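A.B. asks: need coordinates for the following:
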Amino acid sequence: MTTIAPSYLSAVKAPGPQLLRLSLRLDAVVTGVNGLAYLALAKPLESLLGLDTEIGIPIGIFLTLYGVAVAIIGTRQSISTTATRVVIAGNAAWVVVSLAALVEGALELNLVGSVWAVMQAVTVGGFAAMQYLGLRKAR
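C.D. replies: Numbers count the residues shown, from 1 in each chain. Here you go, the predicted structure:
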């Protein structure tokens with residue numbers, strides 16, 4: 001029987017360039033799919049999360065474009081250190097803003113939406129940590 005943990009641990013133990021490329025690509029896919037879901041499922045997500053479509057649709061557009069940008073960075077022959085630092089900073093900012101909006105009640109999310117926001121913040125924080133580690137190991 002296989003589990004996800006050994007493959008995750010082997011990814012974290014991978015050489016810097018490999019970890020960096022993997023973390024950028026994973027970030028791009030998850031972010032892009034999430035953005036497309038916000039766009040395609042705006043009304044059902046409004047009901048499920050309590051997220052107003054007037055906020056959810058712009059978030060979906062942003063996430064889709066951000067996912068494409070991260071994909072471009074992660075698929076280059078040589079990954080730019082500067083671009084990677086921008087992605088790490090962007091991911092860190094997403095975590096801070098998401099949690100601040102949740103604490104302040106700015107998005108008026110229901111319980112499911114609040115849990116979703118925390119899960120997103122943890123996921124994005126994990127991407128930032130993996131990218132930072134990959135960049136550091138790559139030097």
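A.B. asks: wait, doesn't residue 45 sit right on residue 55?
C.D. replies: No. If you go by CB atoms under 8 Å, residue 45 and residue 55 don't touch, sitting 10.5 Å apart. (Each C-beta comes from the backbone N, C-alpha and C, glycine too.)
A.B. asks: more neighbours: the two, which one.
C.D. replies: Each of residue 45 and residue 55 has its neighbours counted (other CB atoms under 10 Å); residue 45 has more, 22 against 17.
A.B. asks: C-terminal to the helix or strand that contains the more buried one, what's the next element?
C.D. replies: Following DSSP states H and E, one finds residue 45 within helix 42-49. Going down the chain from helix 42-49, the next helix or strand is helix 53-75, by DSSP H and E.
A.B. asks: tell me what that following helix is packed against?
C.D. replies: The helices and strands touching helix 53-75, judged by 3 or more CB pairs under 8 Å, 6 or more residues apart in numbering; DSSP states H and E, are helix 16-40, helix 42-49, helix 81-104.
A.B. asks: so which of these is the most surrounded?
C.D. replies: helix 16-40 (a mean of 19; mean count of other CB atoms under 10 Å).
A.B. asks: other SSEs contacting that one?
C.D. replies: Counting contacts by 3+ CB pairs under 8 Å, 6+ apart, helix 16-40 is packed against helix 4-12, helix 53-75, helix 81-104, helix 111-138.
A.B. asks: right, and residue 20 touches residue 131 too?
C.D. replies: Yes. Proximity of residue 20 to residue 131 meets the contact threshold set by CB under 8 Å, at 6.4 Å.
A.B. asks: so what sits against both of these two?
C.D. replies: Common contacts of residue 20 and residue 131, defined by CB atoms under 8 Å, 6 or more residues apart in numbering, comprise residue 84.
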